[in-house]
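J.: Provided below for reference: sequence and predicted model.
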Amino acid sequence: MGIYEFNILTDHDKYDTVFSKGQFVDAVTEGKTKYALYSISKFWVEVVYNTPKNEIQGICSFVSGEKLNRYSNLSNKTL
């Protein structure tokens, strides 16, 4: 599956695809928000969680750019 096929899926199918076929890569916490990065084929998917409410806030796919930079800055990581 490519990024274009992924982007036309319903949100429900996007989450299903990420959690069943995606490879978890990393997670970063910024304040009350947790960002989880997954790899699918040749693109990335970021799932955004509201940690106090324990709920998913959104999902976004991308190939490169600023969103990916969030995961390369070791000084911002919470272990």
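T.: Sure, I can see it.
J.: which intervals of the chain have sub-threshold pLDDT?
T.: Residue ranges of the chain with pLDDT under 70: 73-79.
J.: The same query, at a cut-off of 50, please.
T.: Along the chain, segments meeting pLDDT under 50 span 76-79.
J.: Break down it into its helices, ranges please.
T.: Using DSSP state H, the helices found in the chain span residues 3-7, 11-21, 66-69.
J.: can you list these in a markdown table and add distance to residue 58 and mean neighbour count?
T.: To be clear about C-beta, it is placed using only N, CA and C from the backbone, and glycine gets the same treatment. Compiled in a markdown table, the helices of the chain are given as follows (distance: least, C-beta to C-beta, whole Å; neighbours: other C-beta atoms under 10 Å):
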| stretch | distance to residue 58 | mean neighbour count |
| --- | --- | --- |
| helix 3-7 | 14 | 13 |
| helix 11-21 | 9 | 13 |
| helix 66-69 | 12 | 11 |
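J.: I'd like the ones you listed as JSON lines, with distance to residue 53 appended.
T.: Output for those, formatted as JSON lines (distance: least, C-beta to C-beta, whole Å):
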{"stretch": "helix 3-7", "distance to residue 53": "26"}
{"stretch": "helix 11-21", "distance to residue 53": "17"}
{"stretch": "helix 66-69", "distance to residue 53": "22"}
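J.: That's all I had, so thanks and see you.
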